[in-house]
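> based on what follows, work out the 3D shape:
(one chain, ligands or ions: 1)
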Amino acid sequence: MLEVIGLECRRGDRRLFSGLDLVLGPGTLLHVRGRNGSGKTTLLRTLCGLFTPDAGEVRWRGESIRTLAEDYRRELLYCGHLNGIKSDLTGLENLAIAARLDGDPVGSDAVWQALARIGLRGFEDLPTRMLSQGQKRRVALARLILSRARLWVLDEPFTALDVEAVALLQGLIAEHLAGGGLVVLTTHQEVPLTSGQVARLDLGG
Ligand SMILES: Nc1ncnc2c1ncn2[C@@H]1O[C@H](COP(=O)(O)OP(=O)(O)OP(=O)(O)O)[C@@H](O)[C@H]1O
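Numbers count the residues shown, from 1 in each chain. This is a model prediction of the structure:
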């Protein structure tokens, strides 16, 4: 379903990776590992079509993501390590806007429920700049509850999360995989990744 063919990415005069081939099917999680600077974020952004590779191609359902453009983006949820939330907006506003931008508007009940499930009951109406790092990350991760995207691409999703939130996120990932979803993630932590099939990719030799 997600295919990578002969992918090469350079930054400046450094070749981060080349000749990278991958196939990821439904219910599969790809754990991308590697030291700082090995190219994990670059690979994730390339899989999302946010960075143009120097060679090779990313395909979704057999078609180039360049050709699919919006049709691919609708099936994709990217959560980068900067969270992608607006600090002047509340958790409620951030989630409602993110869902609309994803082309998948949701009702306010669903947004309240998502924030409650992610452990932010009582913090829904605060501008997110007033939240702790872990709470901001929880707002970003609440998008996973609301999204109907088939492919989740998550850059360091466990960073700043406490034990309870790590377990919550693991549960969300497990549910997504059980429903035939795909997940690509990076993490430096040794987090047991439950259920589904887990593939590992080590960058940087
Ligand atoms: N915009 C940029 N311009 C030039 N070089 C860049 C740019 N962004 C990243 N790089 C370089 O590309 C290399 C890979 O960066 P990347 O962020 O993909 O690594 P990473 O494996 O995700 O690292 P980390 O574990 O620290 O998050 C680094 O050496 C970095 O300096």
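> quick one: the strands in this structure?
2-11, 14-24, 28-33, 55-60, 63-64, 76-79, 151-155, 182-186, 197-202 (DSSP state E).
> what's the most buried one of these?
Comparing the strands of the chain by mean neighbour count (mean count of other Cβ atoms under 10 Å), strand 182-186 comes out on top with a mean of 24. For every residue, glycine as well, the C-beta is placed using N, CA and C.
> quick one: that strand to strand 55-60, angle?
Computed with axes from the mean of the first three to the mean of the last three Cα atoms, to 10 degrees, the direction of strand 182-186 lies at 140 degrees from that of strand 55-60.
> report pLDDT for residue 205.
At residue 205, the predicted lDDT confidence score is 65.
> with residue 194 instead?
Taking residue 194 on its own, its pLDDT is 64.
> and if you look at the one 5 residues further on?
According to the prediction, residue 199 has pLDDT 90.
> that one touches residue 32, doesn't it?
No - taking contact to mean Cβ atoms under 8 Å, the distance of 9.6 Å between residue 199 and residue 32 leaves them out of contact.
> picking up where we left off before, which one of the strands of the chain lies closest to the ligand?
Set against the ligand and scored by Cβ to the nearest ligand atom, these come closest in strand 2-11, at 3.5 Å.
> now tell me what touches that closest one from outside.
Strand 2-11 is contacted by residues 15-24, 39, 42-43, 46-47, 51, 53-60, 62, 151, 182, 184 when judged by Cβ atoms under 8 Å, 6 or more residues apart in numbering.
> now the angle from it to strand 197-202?
Using the same axes, to 10 degrees, strand 2-11 lies at 20 degrees relative to strand 197-202.
> distance between stretch 6-24 and the chain's centre?
20 Å (Cα atoms, centre = their mean, to the nearest Å).
> now stretch 146-157
What separates the centre of stretch 146-157 from the centre of its chain is 4 Å, taken as Cα atoms, centre = their mean.
> ends of that stretch, what's the gap?
Start-to-end span of stretch 146-157 (Cα to Cα, to the nearest Å) is 16 Å.
> with stretch 141-151 instead?
Between the opening and closing residues of stretch 141-151 there is a gap of 14 Å (Cα to Cα).
> hmm, back to that, check the strands of the chain for me: which has the lowest mean pLDDT.
Per-stretch mean pLDDT for the strands of the chain is lowest at strand 197-202 (a mean of 90).
> and the angle from it to strand 14-24?
Here the directions of strand 197-202 and strand 14-24 differ by 170 degrees (the same axes, to 10 degrees).
> follow-up on the earlier one: please list which of the contacts of strand 2-11 are also close to the ligand.
16, 39, 42 (Cβ under 6 Å from any ligand atom).
> what residues does this structure have near the ligand?
Among all residues of the chain, those adjacent to the ligand (criterion: Cβ under 6 Å from any ligand atom) are 11-12, 16, 34, 36-42.
> from the residues you listed, list the buried ones, please.
Among the residues of the chain next to the ligand, the ones that count as buried by 16 or more other Cβ atoms under 10 Å are 16, 34, 38-42.
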